[in-house]
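Enquirer: Next come a sequence and a model predicted from it.
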Amino acid sequence: MILGVAYYPEHWPRERWETDARLMQEAGISRVRMAEFAWHRLEPREGQFDFGWLEEAINLFGRYGIQTILGTPTPTYPAWLHEMYPDIHQVKSNGQVKEWGQRQDACKNHPGYRAYARRIVEKMTAALGQNPHVVAWQTDNEFGCHGTARCHCPNCGRAFRSWLRRRFNNDIAALNAAWGTVFWSHEYDDFDQIWPPMDTADRTANDGQNPGLVLDFYRFSSDVQVEMNREQVEIIRRHSPGRPITHNLMGLFHQIDYFKLATDLDIVSWDNYPFLANNTNRPPAPLAHDLMRGLKQKPVWVMEQASGPGGWGSYAATPPPGQMRLWAYQAVARGADMISFFRWRSCRWGREQYWHGILYHHGIPQRRYEEVKQLGAEFRALSTELDGSEVAAEVGILYDYDSLWALETQPNTGDGFDYRAMANGWDAALARLGVVADAVSIDADLTRYKVLIAPSVHVCPPATAERLAAFVRAGGTLILGPRSGVKESEGAIVDALLPGPLREVAGCYVEEYDAFSQIPGLEMRVRCPANHLYRAYGLADVLVPEGDAEVSHRYEGRYYAGKPAVVRHAYGKGCCFYVGTVMEPAGLIGFLRYGVLPGAGVAVLSDLPECVEVSYRSRGGTRYAFYLNHSDAAVKVALARPGFDLLAAAAVGDSVEIPPFGVRIVREGGL
Ligand code: GLA
Ligand code: ZN
């Protein structure tokens with residue numbers, strides 16, 4: 001277990017560095033991440049490099065036992081580079097230029113930007129890559145943040161055309177057929193006629209342009225980030241071999257296919273700001289943790305973790321005593337081996353003056369520092385137990401960026417039918433039952449899972465359908481969500497009864513689909529086998545079972561009242577459920593608890609209090625259960641198994657009390 005913090009030596013007088021190092025050491029912090037925004041201090045004039053100050057800081061912290069993770073400084077760029085290339089900016093889909101002044105705003109396909117970015121990474125890694133205190137690298141910082149993953153400038157136009165030429169083997173007829181450009185006379189005679197999708201007559205590019213074009217542009221834009229990352233990874237590997245390379249991802253940020261990006265990284269890290277989404281007495285949604293861990297099906301680092309209230313203009317409520325520590329343990333419970341806070345000390349100037357660090361602007365250690373210090377002592381003590389342990393999930397959630405993007409450009413309807421909301425809904429329902437899921441891609445090792453939940457396989461190439469069917473044939477339980485099997489990989493709708501290539505495994509077909517949520521005031525419901533009624537949202541796939549498939553839930557409402565909403569189909573050694581609509585949380589929980597998990601052999605915890613989250617890490621035959629109380633009141637919870645409470649250093653039996661924002665880590669079994 002490692003505790004770290006983001007530190008910006010360039011923000012503070014040199015005389016202060018030593019005080020900071022000492023305070024960090026006393027708090028048990030053993031990693032600092034530095035330099036990811038320091039391009040101008042590292043290359044103050046074109047071609048003049050200065051790594052001396054950074055090396056001095058690295059060595060100083062090293063003397064205090066604090067090792068450095070270095071960030072390459074390419075997310076922001078010096079004014080002199082801007083001056084050299086007035087066209088370095090990104091362009092929005094409405095043609096507006098994203099002016100200099102924030103970050104991530106250089107076009108990644110601008111040859112000048114790319115060349116200078118490569119050069120500073122070369123120089124930096126050559127200068128510092130062998131320093132014994134440099135133990136890992138972060139490429140850039142949060143690729144795509146602030147809506148910068150998609151650029152519509154002329155450079156990107158050129159790069160997009162080359163990307164398309166490769167994808168379609170230089171065959172414009174193939175592109176025309178795949179995108180269906182015959183519609184509205186949009187056929188191209190040559191790749192050179194293609195542009196990134198720009199805003200149209202009265203619509204944005206996202207909802208005005210050909211969906212095939214938009215989907216491929218989203219894929220291309222994601223590939224650009226992946227390629228930029230890979231370029232830096234290769235340079236770092238050359239000059240600084242043996243140090244793990246990571247990038248700090250943004251959880252559920254959706255404009256980059258994180259599975260692709262992660263293939264070039266040694267370890268996934270990410271930035272965790274739970275207060276952005278949650279300030280209630282309930283657990284923050286676990287999906288971001290489960291996706292980050294699922295990217296490589298491996299433990300992760302949290303590169304940035306909220307260290308106080310954050311905000312750029314106004315800011316979030318201050319995490320009450322214990323909550324920062326609790327969020328850190330939530331991340332550990334869900335697979336993080338390092339928690340690094342953002343940031344050490346609140347900056348006195350700049351747009352992030354109010355994105356608070358562990359210390360306020362004055363730099364005097366106070367309550368939040370003491371909380372981090374407590375965590376530091378605990379991490380040291382827990383390391384012997386938890387190092388090398390991993391989350392072993394029995395359930396997978398199929399997370400698919402193509403489907404997400406196809407639904408981004410054509411959401412079908414609103415009110416609950418949203419890719420991330422649906423994935424979140426399933427994951428949160430599992431969490432209420434004490435079940436942990438990895439969010440994974442279709443290419444992951446699916447044999448680890450007893451149950452695989454696909455929120456919507458909206459884009460379903462034949463290989464995906466085949467892998468899902470194979471999963472079920474081999475004994476897995478598959479849940480398919482609404483609007484599955486609808487689109488081919490380039491965005492055309494299949495020429496078959498839905499769910500197209502998934503019909504055989506699903507054991508049913510879709511007779512009609514209905515976006516009932518477009519009717520104001522209409523409340524759709526489904527009736528479960530135990531005769532409870534649950535609200536349904538979004539839309540309804542009205543199902544017809546085939547062969548020996550059985551109906552589980554039925555619709556209550558509209559002209560298809562009484563018709564199947566959920567169908568169960570035994571197939572090979574496993575079974576598949578097609579769930580034709582979006583059920584309210586209680587409906588999902590009931591369905592999983594009684595309809596799905598017992599048959600699949602996944603144990604659940606019943607009656608978990610709403611404020612309590614449970615997750616497990618295992619090593620060898622030993623399982624560690626984490627019980628996290630996300631409320632400001634003490635709560636009593638029944639344990640999955642008795643064992644030994646590691647933090648309290650005491651045996652625990654059938655139940656324990658958890659203090660407000662408290663955590664219990666139970667090594668299960670005998671002492
Ligand atoms: C992100 C960035 C940091 C900082 C914080 C707060 O996570 O990586 O540089 O900007 O957000 O805004
Ligand atoms: Zn561009």
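Expert: Looks like it came in fine. Residues are numbered from 1 along each chain as shown. Ligands and ions are numbered 1, 2, ... in the order given.

Enquirer: Retrieve the pLDDT associated with P283.
Expert: P283 is assigned a predicted lDDT (pLDDT) of 83.

Enquirer: Let's verify it: helix, strand, or coil?
Expert: coil (DSSP: H, G, I helix; E, B strand; the rest coil).

Enquirer: Quick check: it touching S615?
Expert: No. With contacts defined as CB atoms under 8 Å, P283 does not count as touching S615, sitting 10.0 Å away. Where C-beta positions appear, they are placed from N, C-alpha and C, glycine not excepted.

Enquirer: which residues are in contact with both of those two?
Expert: When contacts are counted by CB atoms under 8 Å, 6 or more residues apart in numbering, P283 and S615 have Q330, L628 as shared neighbours.

Enquirer: Spell out the residue ranges of the strands in the stretch 401-550 of the chain.
Expert: Counting by DSSP state E, counting those that start in this stretch, one finds strands in the stretch 401-550 of the chain at the ranges 437-440, 451-454, 477-480, 508-514, 524-527, 533-537, 540-545, 550-551.

Enquirer: Mind giving me the packing neighbours of the longest one?
Expert: In terms of contacts (3 or more CB pairs under 8 Å, 6 or more residues apart in numbering; DSSP states H and E), strand 508-514 is packed against strand 540-545.

Enquirer: if we go to 10 Å?
Expert: Here strand 508-514 touches strand 540-545, strand 566-571, strand 574-579, going by 3 or more CB pairs under 10 Å, 6 or more residues apart in numbering; DSSP states H and E.

Enquirer: mean confidence score for the next helix or strand after the last one?
Expert: The C-terminal neighbour of strand 574-579 among helices and strands, as given by DSSP states H and E, is strand 582-583. Per-residue pLDDT values across strand 582-583 average out to 98.

Enquirer: for stretch 75-91, same thing?
Expert: Here the average pLDDT along stretch 75-91 is 97.

Enquirer: Can you get me the start-to-end distance on it?
Expert: With CA to CA, to the nearest Å as the measure, the first residue of stretch 75-91 is 17 Å from its last.

Enquirer: Walk me through the domains of this structure.
Expert: Split into domains by automatic domain parsing, the chain comes to 2-91+102-148+225-307+320-344+365-386, 154-215, 395-600, 612-668.

Enquirer: export these to JSON lines and tack on distance to R351 and mean neighbour count?
Expert: Written out in JSON lines, the entries for these read as follows (distance: least, CB to CB, whole Å; neighbours: other CB atoms under 10 Å):
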{"stretch": "domain 2-91+102-148+225-307+320-344+365-386", "distance to R351": "8", "mean neighbour count": "20"}
{"stretch": "domain 154-215", "distance to R351": "26", "mean neighbour count": "16"}
{"stretch": "domain 395-600", "distance to R351": "27", "mean neighbour count": "21"}
{"stretch": "domain 612-668", "distance to R351": "30", "mean neighbour count": "17"}
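
Enquirer: Get me the contact residues on the protein for ligand 2.
Expert: C107, N109, C151, C153, N155, C156 (CB under 5 Å from the ion).

Enquirer: Ligand 1 contacts on this structure?
Expert: Among all residues of the chain, those adjacent to ligand 1 (criterion: CB under 6 Å from any ligand atom) are N141, E142, N248, D271, E304, G310, F342, E352, W355.

Enquirer: The fourth one: which element?
Expert: Translated: D271. Residue-wise, D271 maps onto strand 269-272 under DSSP H and E.

Enquirer: Could you list every helix and strand in contact with that strand?
Expert: strand 248-249, helix 287-296, strand 300-306, helix 323-333, strand 336-342.

Enquirer: Reformat the domains of the chain as JSON lines; add distance to S606.
Expert: As requested, these are exported to JSON lines (distance: least, CB to CB, whole Å):
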{"stretch": "domain 2-91+102-148+225-307+320-344+365-386", "distance to S606": "17"}
{"stretch": "domain 154-215", "distance to S606": "42"}
{"stretch": "domain 395-600", "distance to S606": "8"}
{"stretch": "domain 612-668", "distance to S606": "9"}
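
Enquirer: Ok, which of those domains comes nearest S314?
Expert: Taking CB to CB as the criterion, S314 comes closest to domain 2-91+102-148+225-307+320-344+365-386 out of these, the separation being 12.5 Å.

Enquirer: ok so, going back, turn the strands of the stretch 401-550 of the chain into TSV, including distance to A431.
Expert: Formatted as TSV, the entries for those read as follows, by distance: least, CB to CB, whole Å:
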stretch	distance to A431
strand 437-440	8
strand 451-454	13
strand 477-480	16
strand 508-514	29
strand 524-527	22
strand 533-537	18
strand 540-545	26
strand 550-551	28
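
Enquirer: Can you lay out the ones you listed as CSV showing distance to R334 and mean pLDDT?
Expert: As requested, these are exported to CSV (distance: least, CB to CB, whole Å; pLDDT from 0 to 100):
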stretch, distance to R334, mean pLDDT
strand 437-440, 10, 98
strand 451-454, 17, 99
strand 477-480, 21, 99
strand 508-514, 34, 98
strand 524-527, 31, 98
strand 533-537, 27, 98
strand 540-545, 32, 98
strand 550-551, 35, 98
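
Enquirer: picking up where we left off before, among the residues of the chain next to ligand 1, show me the least confident.
Expert: Lowest confidence among these: G310, with 92.

Enquirer: right, and it touches N272 too?
Expert: No. Using CB atoms under 10 Å, G310 makes no contact with N272, being 11.3 Å away.

Enquirer: Spatially nearest residue to R150 (excluding sequence neighbours)?
Expert: The spatial neighbour of R150 that comes closest, neighbours along the chain excluded (CB to CB, 6 or more residues apart in numbering), is S221 at 4.3 Å.

Enquirer: The helix or strand the one you found falls within: what's the following helix or strand?
Expert: Remark: S221 resides in helix 211-239, with elements defined by DSSP H and E. From helix 211-239 onward toward the C-terminus, using DSSP H and E, the following helix or strand is strand 245-246.

Enquirer: what about E378, which SS state?
Expert: Assigned by three-state DSSP, the conformation of E378 is helix.

Enquirer: List the residues that contact it.
Expert: Shown here is E378, whose contacts under the criterion CB atoms under 10 Å, 6 or more residues apart in numbering are M1, L3, G28, R325, A328, Y329, L646, L647, V663, I665.

Enquirer: Restricted to strands, list the residues you listed.
Expert: Cross-referencing the contacts of E378 against strands under DSSP state E gives L3, V663, I665.

Enquirer: surely the second one meets Y624?
Expert: No. Judged on CB under 10 Å, V663 makes no contact with Y624 at a distance of 11.6 Å.

Enquirer: shared neighbours of those two, anything?
Expert: Counting by CB under 10 Å, 6+ apart, the contacts common to V663 and Y624 are V332, A333.

Enquirer: what helix or strand does E657 sit in?
Expert: For E657, the enclosing helix or strand under DSSP H and E is strand 655-658.

Enquirer: what mean pLDDT would you report for that strand?
Expert: Across strand 655-658, the average pLDDT comes to 97.

Enquirer: Which residue comes closest to the most centrally placed residue in the chain once chain neighbours are left out?
Expert: The chain has G251 as the residue nearest its centroid, 2.7 Å off, counting by CA atoms, centre = their mean. Nearest in space to G251, with sequence neighbours left out and distances taken as CB to CB, 6+ apart, is A288 at 3.2 Å.

Enquirer: So that neighbour versus M303, what's the distance?
Expert: 13 Å (CB to CB, to the nearest Å).

Enquirer: how about the strands of the stretch 51-200 of the chain, start to end?
Expert: For the stretch 51-200 of the chain, strands defined by DSSP E, counting those that start in this stretch occupy the ranges 67-71, 134-138.
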